[in-house]
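S.K.: Would you be able to build a 3D model of this:
(one chain, ligands or ions: 2)
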Amino acid sequence: TRRITVHDITAAKERGEKWPMLTAYDAMTASVFDEAGIPVMLVGDSMGNCHLGYDTTVPVTMDEMTMLAAAVVRGTSRALIVGDLTFGSYQEGPVQALRSATRLVKEAGVGAVKLEGGERSHTQIELLVQSGIPVMGHIGLTPQSVNSMGYRVQGRGEEAAQQLLRDAKAVQDAGAFAVVLELVPSEIAAEVTRILHIPTVGIGAGPETDAQVLVYTDMVGLTGGKVPRFTKQYANLRQTLGDAAKAFADDVMGGSFPQEEHTFH
Ligand code: KIV
Ligand code: NA
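M.R.: Ligands and ions are numbered 1, 2, ... in the order given. The predicted structure follows:
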């Protein structure tokens, strides 16, 4: 079986098909999602929060991104793998963006990259696409801008809604194959989805986007503490893993592990 390509994603919108995307940060988890039929995986810079122990996505480096994206590519055979360009790796301009994206394509083997920003990232997206690197845009809440933007719903009010529409069109005009809409009112996300010919991928953007993405650690209940209202928890892996660790500890301390069947003579 061949890998899914950006052309398959384009064709899905033409057929009116919805599709799921999950984040992944390691080969083993990615292989599970690949076998489950998840067509697109994002090696998100959410790895900062979910995998590397940072408070935000801001500190994540392209070294970290490249290493984990390579693992996700190795763990999968079918999914389209999209890697995030990290904060500071594309803001200087198109040439810097191309250098970062090229590294991710060559060293990690991703099929596409994602970067944040609409109008403000237009020239970066354009050069990557012209250079043969498929780009997924990301507008609305852009977590790399947490220090200026905070974490609140974007596109509320007429002016902000108009800006979001301009950002969406800028991403599409620059040649992106899809665009993430993060934490925007459902009505605006629906309008963007109607206007654009490229697929919209919603997170906290209501039910009318072409695709939905969740951060996998939230989706499987691995994240400790509070999770955003827009996520849905489909499992409680934090409980399952904790219970397994406690049972192992009890067995070792009580002398009931290992047994004869675990032992060599
Ligand atoms: O890094 C990430 O996980 C993302 C998604 C939330 C879209 O950018
Ligand atoms: Na991200």
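
S.K.: Please give the element, helix or strand, for residue 166.
M.R.: Using DSSP states H and E, the element containing residue 166 is helix 158-173.

S.K.: do that helix and ligand 1 meet?
M.R.: No - figure legend: helix 158-173 not in contact with ligand 1 (Cβ under 6 Å from any ligand atom); closest approach 13.7 Å. Every residue, glycine included, has its C-beta placed from N, CA and C.

S.K.: wait, does the next helix-or-strand element following that helix contact ligand 2?
M.R.: Heading C-terminal from helix 158-173, the first helix or strand you meet, by DSSP H and E, is strand 178-182. No - contact of strand 178-182 with ligand 2 (Cβ under 5 Å from the ion) is absent, the minimum separation being 8.0 Å.

S.K.: where are the low-confidence patches of the chain?
M.R.: Nowhere does the chain drop to pLDDT under 70.

S.K.: can you give me the helices for the chain?
M.R.: 6-14, 27-35, 47-50, 62-74, 94-103, 122-130, 146-149, 158-173, 186-195, 216-219, 237-254 (DSSP state H).

S.K.: got CSV for those, with mean neighbour count and distance to residue 202 too?
M.R.: As requested, those are exported to CSV (neighbours: other Cβ atoms under 10 Å; distance: least, Cβ to Cβ, whole Å):
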stretch, mean neighbour count, distance to residue 202
helix 6-14, 16, 13
helix 27-35, 18, 19
helix 47-50, 22, 19
helix 62-74, 21, 22
helix 94-103, 18, 24
helix 122-130, 20, 19
helix 146-149, 11, 18
helix 158-173, 18, 12
helix 186-195, 18, 6
helix 216-219, 22, 14
helix 237-254, 11, 24
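
S.K.: could those helices go into JSON lines alongside distance to residue 41?
M.R.: Shown next, in JSON lines, are the helices of the chain (distance: least, Cβ to Cβ, whole Å):
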{"stretch": "helix 6-14", "distance to residue 41": "13"}
{"stretch": "helix 27-35", "distance to residue 41": "6"}
{"stretch": "helix 47-50", "distance to residue 41": "12"}
{"stretch": "helix 62-74", "distance to residue 41": "6"}
{"stretch": "helix 94-103", "distance to residue 41": "17"}
{"stretch": "helix 122-130", "distance to residue 41": "19"}
{"stretch": "helix 146-149", "distance to residue 41": "24"}
{"stretch": "helix 158-173", "distance to residue 41": "20"}
{"stretch": "helix 186-195", "distance to residue 41": "22"}
{"stretch": "helix 216-219", "distance to residue 41": "9"}
{"stretch": "helix 237-254", "distance to residue 41": "18"}
